[in-house]
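>>> need a 3D model of the following:
(chains A, B, C and D)
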Protein chains: 2
Amino acid sequence: MRKVTIKDVAREAGVSISTVSNALNNVDVLVPATKAHVLEVAERLNYIPNLNGKLLKASESKMLGFFTTSVSGPYFYVLVEAMARHCEKLGYGLNIVVAKDKRVILSNILGQRLDGVIIFEELLIDDKDVSVMEKAQVKAVFLDRVLQNNTMGSVIFDSYVAGYDAAKYLISLGHKKIAYISGVDTMYDSVQRREGYLAALNEHNLPFDESYILQGFFEEEGTYNAVKSFIKLHPEKLPDAFLAGNDVSAIGCIKALKSEGYQIPEDISVMGFDDINLAEYFSPPLTTVKNQIARQGILAVDHLVKLIQQKEKGMIQKLKGEIIVRRSSNLKVEQMVGR
Amino acid sequence: MRKVTIKDVAREAGVSISTVSNALNNVDVLVPATKAHVLEVAERLNYIPNLNGKLLKASESKMLGFFTTSVSGPYFYVLVEAMARHCEKLGYGLNIVVAKDKRVILSNILGQRLDGVIIFEELLIDDKDVSVMEKAQVKAVFLDRVLQNNTMGSVIFDSYVAGYDAAKYLISLGHKKIAYISGVDTMYDSVQRREGYLAALNEHNLPFDESYILQGFFEEEGTYNAVKSFIKLHPEKLPDAFLAGNDVSAIGCIKALKSEGYQIPEDISVMGFDDINLAEYFSPPLTTVKNQIARQGILAVDHLVKLIQQKEKGMIQKLKGEIIVRRSSNLKVEQMVGR
DNA sequence: AGATTTTTAGAAAACGCTTACATAATAGAA
DNA sequence: TTCTATTATGTAAGCGTTTTCTAAAAATCT
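Sure thing, here's the model as predicted:
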């Protein structure tokens, strides 16, 4: 029942506990025979050091934490897999803590069990918590929050650039009347993508019409309804392309357009963001902007380890999305006819 | 830089450290005013107990571990999400440790940081490790290994039953000549499914032909070739249904049959196992046997917590798969014509 | 008011480990 | 052989908690 401790090994080997400790930790101070003997006994007794005792003294645990409240969504495993592999390469273990209880998360972070943490959680950890972490000099990298100080940084996707690039891509296909289907206005991503979209329109001197910003709430049904009612209200000014705030929205949009008898992409191009799993298998397969999740994970781990080793100060790294061209977008028809 | 400890709180509040400890842990022995004062000071100093110190004394951490070497595969997040939610419901945190280094895993398990562990890893942890864990009375539940003793159990899918049920389903559609596409013969799942399939054939007095067991190696291409060459070699005894060892195999099978001009499911039914993501979107959508991953996770957590609380001894729980009927299977044509 | 009980707070040990320091043993030099 | 320099091992303190036990203070009873 009782776990075997360093004392047991010492007694059994007939040496002191410090000798056992030295033998196990390769402190080069023991005569080889002693060391070998101790190791043999430790092995025989199946001794495994108690991590709590060890970490109570030690200054590092060689363990990084990844905190999140939920692991749903198909991205998760790509992110975790990339982080885990990279941690391993750098000599760290990865500890994923899934909890909705903030106290669990904070006590893990500040409880000194981990050398640093990657936080993928926007709503739970508030500004006060962040400032507590800051005071305690916690090493942290945020994946969803823009933040920077000596000990904390972030790695985020630049949604502004994503929106800009997406709109620019649609423009390059010859589209001139491009509508944007907004998500939720309190969400950073949604707003940034819209701003990027507007900037691209502006840069190309395309007219902008207020009614071209629909509200889809990042949901399939919300978008479906928004598009349907737009067509009812303004049949005369149907866009020749829709840029949806995310893929789910793009799917709702396509379903609405199809139900009104339009062909995608022949009549209208539709584009989303995220490259969710379904995007590839939807009919038509979605053109979208993909977040390079794996890369984000790797950069986060990298940055965190450098923060821990004091080789870097906290900084904000922005990643560009990657445009994935599939079948839901097309050269504008008039152009093709014109050729 | 230095983290604030219980001593700092004690000094600042002008009380002893035991008083602070009592105040924080709700030991009902302090006069309310003292307690309130201590709590106020602790709050003001942003005191968070050091977990290592705490766990060094404590007998439980209220943390469960989930160990795996890799998180790839679309199942993963379903499993983890289910486990995380259930842990929370039972008052435990979930700690996922991703590591390929066995020592990291073992020292976490035996290092007393966790009350118990769920292990999803077949190759890394060998029998010796298991016996070490057993001697140390580690509470563990395995998801992929059949194992049972006082402190350890397993939750697995019964591949035998799955094979049996699948074959029975095909028989119920009127099929009589049912071929099985085997995976790798060293893999438990593949063999069990085949045995179940054979049992169902036997039970219904269906003739069995040795050549009806093809080798597809659980791969699309391997299966494609196997099916193609079967048709070449035995054109006269074409089965009226194929039961493939997994979905990937089923896809290879369908592609081979189509390339030979057969219609699925009109001419031949095809069925797989696993219900991979693609199964729903393939053409035709695959009939398959789905593992109820979320349920497996929940049962594992449940069992583990009962092991920890000594309310149960280790046991083996087998889960039945669920047959998902899609378009790749059909009533046998002759039957329909016959009516 | 004094004796006794009850309440409240503090001192100290213990958890398992590492590590600075002290001591004992050995080897080398005079 | 004696003294010093070197090496190998052990002693003990300390990491941050909890917890048992003891002491002091307050409350209650005679």
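>>> residues from chain A in reach of DNA strand D?
By the rule C-beta under 7 Å from any atom of the strand, the part of chain A lying against DNA strand D is A:14-19, A:22, A:29-31, A:33-34, A:53, A:56-57. (Each C-beta comes from the backbone N, C-alpha and C, glycine too.)
>>> ok, which pair from those is furthest apart?
The most widely separated members of those, counting by C-beta to C-beta, are A:33 and A:56 (31.0 Å).
>>> those two: who's more crowded?
Just comparing residue A:33 and residue A:56: by other C-beta atoms under 10 Å in any protein chain shown the higher neighbour count belongs to residue A:56, 16 against 8.
>>> mind telling me what element the residue nearest to the more buried one when sequence neighbours are not counted is part of?
Among residues not flanking residue A:56 along the chain, residue B:52 sits closest, at 4.5 Å (C-beta to C-beta, 6 or more residues apart in numbering or on different chains). Using DSSP states H and E, residue B:52 sits within helix B:51-57.
>>> in contact with the residue of the stretch 51-200 of chain A found nearest DNA strand C, which residues?
Among all residues of the stretch 51-200 of chain A, residue A:53 sits closest to DNA strand C, at 3.1 Å; criterion: C-beta to the nearest atom of the strand. Neighbouring residues of residue A:53 by C-beta atoms under 8 Å, 6 or more residues apart in numbering or on different chains: B:52, B:56.
>>> go again using 10 Å as the cut-off
A:5-6, B:52-53, B:55-56, B:111-112 (C-beta atoms under 10 Å, 6 or more residues apart in numbering or on different chains).
>>> for it, report the pLDDT, please.
Looking at residue A:53, its pLDDT reads 89.
>>> number of residues surrounding the residue nearest to residue A:204 when sequence neighbours are not counted?
In space, residue A:204 comes closest to residue A:171 once its chain neighbours are excluded; the distance is 5.3 Å by C-beta to C-beta, 6+ apart. Look at residue A:171: counted by other C-beta under 10 Å, it has 18 neighbours.
>>> please enumerate the helices of the stretch 51-200 of chain A.
Using DSSP state H, counting those that start in this stretch, the helices found in the stretch 51-200 of chain A span residues A:51-57, A:76-89, A:102-110, A:127-135, A:159-172, A:188-203.
>>> comparing these by mean pLDDT, which bottoms out?
Set side by side, these give their lowest mean pLDDT on helix A:102-110, at a mean of 74.
>>> which helices and strands sit right next to that helix?
Counting by 3 or more C-beta pairs under 10 Å, 6 or more residues apart in numbering or on different chains; DSSP states H and E, the packing neighbours recorded for helix A:102-110 are strand A:63-68, strand A:93-98, strand A:116-120, helix A:127-135, helix B:51-57, strand B:93-98.
>>> between that helix and helix A:127-135, how big is the angle?
Inter-element angle recorded for helix A:102-110 and helix A:127-135: 20 degrees (by axes from the mean of the first three to the mean of the last three C-alpha atoms, to 10 degrees).
>>> could you list the low-confidence segments of chain A?
A:1-2, A:72-74, A:333-339 (pLDDT under 70).
>>> what's near enough to touch the residue positioned nearest the centre of it?
Centroid-nearest residue in chain A, with C-alpha atoms, centre = their mean: residue A:143, separated by 5.3 Å. For residue A:143, the contacting residues are A:66-68, A:79, A:83, A:118-122, A:154-157, A:293, A:296-297, A:299-300, by C-beta under 10 Å, 6+ apart.
>>> mind listing what's buried along stretch A:93-111?
By 16 or more other C-beta atoms under 10 Å in any protein chain shown, the buried positions in stretch A:93-111 come out as A:93-99, A:104-111.
>>> an error on my part: the question was meant for stretch A:223-234.
Neighbour counts over stretch A:223-234 (16+ other C-beta under 10 Å) mark A:223-228, A:230 as buried.
>>> got it, and stretch A:202-211?
Within stretch A:202-211, the residues scored as buried using 16+ other C-beta under 10 Å are residue A:206.
>>> chain center to that stretch: distance?
The chain centre lies 32 Å from the centre of stretch A:202-211; the measure is C-alpha atoms, centre = their mean, to the nearest Å.
>>> restricting to C-alpha, output it in CSV.
Provided in CSV are the C-alpha atoms of stretch A:202-211 (Å, rounded to 0.1, in the frame of the first residue of the first chain):
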residue,chain,number,x,y,z
ASN,A,202,-11.6,50.6,-50.1
GLU,A,203,-8.2,50.0,-51.6
HIS,A,204,-9.7,48.9,-54.8
ASN,A,205,-12.2,51.7,-54.9
LEU,A,206,-15.2,49.4,-54.8
PRO,A,207,-18.4,51.0,-53.8
PHE,A,208,-19.6,50.0,-50.4
ASP,A,209,-23.2,49.7,-49.5
GLU,A,210,-24.2,49.5,-45.8
SER,A,211,-26.8,46.8,-46.6
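>>> before we move on, back to that, separation between the residue of the stretch 51-200 of chain A closest to DNA strand C and residue B:60?
Distance, residue A:53 to residue B:60, by C-beta to C-beta, to the nearest Å: 16 Å.
>>> any part of stretch A:105-117 near DNA strand C?
No - using C-beta under 7 Å from any atom of the strand, stretch A:105-117 never reaches DNA strand C; the gap is at least 12.4 Å.
>>> before we move on, what about stretch A:12-23?
Yes - Stretch A:12-23 reaches DNA strand C (C-beta under 7 Å from any atom of the strand) through A:17-18, A:21-22.
>>> now which of those would you call buried?
A:21-22.
>>> dump the residues of stretch A:12-23 next to DNA strand C to CSV, plus secondary structure.
Converted to CSV, the residues of stretch A:12-23 next to DNA strand C look like this (DSSP: H, G, I helix; E, B strand; the rest coil):
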residue, secondary structure
A:17, helix
A:18, helix
A:21, helix
A:22, helix
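>>> DNA strand C contacts on chain A?
For chain A, the contact set with DNA strand C under C-beta under 7 Å from any atom of the strand comprises A:2-3, A:5-7, A:17-18, A:21-22, A:24-25, A:27, A:47, A:49-50, A:52-54, A:56-58.
>>> can you select the buried ones from these in PyMOL?
In PyMOL syntax, the buried subset of those is picked out as below (16+ other C-beta under 10 Å):
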select buried, chain A and resi 5+6+21+22+24+47+49+50+52+53+54+56
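>>> you'd agree residue A:273 is up against residue A:182?
No - using C-beta atoms under 10 Å, residue A:273 is not in contact with residue A:182; the gap is 11.8 Å.
>>> those two: which has the busier surroundings?
Between residue A:273 and residue A:182, counting by other C-beta under 10 Å, residue A:273 is the more crowded of the two (30 against 23).
>>> so what pairs up with the more buried one in the strands?
Residue A:273 has the following beta-bridge partners by DSSP bridges: residue A:289.
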